[in-house]
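1. got a sequence here, can you build the structure:
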Amino acid sequence: MEIQLIQLYLLVCHIYDTHSATCFQRLSNNSKPDFTDQEVVTIYLFGHLQGLFEKQAMHKLIANYWRRFFPRLPAYQTFSARLNQLEQSFQTIGGYFQELLEPQRAPEIDHLIDSLPVMLAKGGHAYVARVARDVADLGDCASKKTYFHGLRLQTIAQRRFATIPLPTHMWLREGSVHDLRSVREQAVCLPNSSLIGDKAFLDSTFQAHLEHQQTKLYTPLKKPNGTELTPRQKYYNRLVSRLRQPIESLFNWLIDKTDIQRAGTVRSTEGLMIHCWGKLTFAFYLLVFNS
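-> Residues are numbered from 1 along each chain as shown. The predicted structure follows:
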């Protein structure tokens, strides 16, 4: 575990040194604090490696057992405030890990599309939630049959044999934004491929747009009004659902490894951004190093 911590710190320092232009920049007189941003990021990622998903638990772990590696560790409130400033850094580090995954991608392989809700509040609490209202709002989660206040993590992932899909595009939208609108506005290009989604993407205009890119769209068929699907159509729907299943496995893996869906302890917009991009950075770290 000690070697793992040292290796993680050296990796974070390497990324900061080689991507300093896009990491968080300090312009104040305290531009070089004794307790560095690299140490903050290392503690966050190391905490996740130990199965700790809350910032306070990570800080307590270091304070109780690893302080000799972080002698300048500040109080929890300062640590949390410092961490909430590092959205840019986590996006940079996550992008670095994505680049390392590029050799595993193959453009001609099928892609899956779906969204995962990141919930600040759910059920009746969603209607009165006030946290991060500049980026989050009220949406509904059909799979859980509930309303939530939060964001949607829109994901396009590439199918792989006998393992979870490999994310190729991930972005955040307000909870109220429909998946189809989100993808249209993101203008994702997947030439010479296939895209497999749910009924939310069953739209003729969107399908024509994809066909212009030489991309084939597969979604379940909707039941016609007043009639039933034919046995052939039902078989097609079961086949599409089976092909879509791996993206649910990806979301379940993401929740298990990072607890990204549950954001009820977040108290600010900055904290929400760290909750999302920090946990996604850790997820890409696991994908790269197969931890």
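
2. work out the gap between the helix or strand where residue 16 lies and the centre of the chain.
-> Secondary structure assigned from DSSP states H and E places residue 16 in helix 2-18. Distance of helix 2-18 from its chain centroid, counting by C-alpha atoms, centre = their mean, to the nearest Å, is 22 Å.

3. show me which residues of the helix or strand following that helix are buried.
-> As assigned by DSSP H and E, the chain's next helix or strand after helix 2-18 is helix 37-49. Buried residues in helix 37-49, counting neighbours by 16 or more other C-beta atoms under 10 Å, are found at 37-49. The C-beta positions use only the backbone N, C-alpha and C, and glycine is treated the same way.

4. quick one: the spatially closest residue to residue 96 that is not a sequence neighbour from residue 172, how far?
-> In space, and not counting its chain neighbours, residue 96 is closest to residue 15: 5.1 Å by C-beta to C-beta, 6 or more residues apart in numbering. Applying C-beta to C-beta, to the nearest Å, the value for residue 15 to residue 172 is 22 Å.

5. circling back to that earlier point, and the buried residues of helix 37-49, which is closest to residue 257?
-> Nearest to residue 257 among the buried residues of helix 37-49 is residue 48, at 7.5 Å by C-beta to C-beta.

6. show me what contacts the closest one?
-> 58, 257-258, 279, 282 (C-beta atoms under 8 Å, 6 or more residues apart in numbering).

7. adding neighbour count and distance to residue 164, write the residues you listed out as a markdown table.
-> Shown next, in a markdown table, are these (neighbours: other C-beta atoms under 10 Å; distance: C-beta to C-beta, whole Å):
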| residue | neighbour count | distance to residue 164 |
| --- | --- | --- |
| 58 | 23 | 25 |
| 257 | 19 | 11 |
| 258 | 20 | 13 |
| 279 | 26 | 16 |
| 282 | 26 | 15 |
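
8. inside strands: which ones of these?
-> Among the contacts of residue 48, DSSP state E puts none in strands.

9. now, which of these sits nearest residue 138?
-> The closest of the contacts of residue 48, once distances to residue 138 are taken by C-beta to C-beta, is residue 279, at 22.4 Å.

10. in the stretch 101-250 of the chain, which spans are helices?
-> Taking DSSP state H, counting those that start in this stretch, the helices of the stretch 101-250 of the chain run over residues 179-186, 204-212, 231-258.

11. just put these in CSV and tack on distance to residue 268 and mean pLDDT.
-> Converted to CSV, the helices of the stretch 101-250 of the chain look like this (distance: least, C-beta to C-beta, whole Å; pLDDT from 0 to 100):
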stretch, distance to residue 268, mean pLDDT
helix 179-186, 24, 92
helix 204-212, 35, 89
helix 231-258, 19, 94
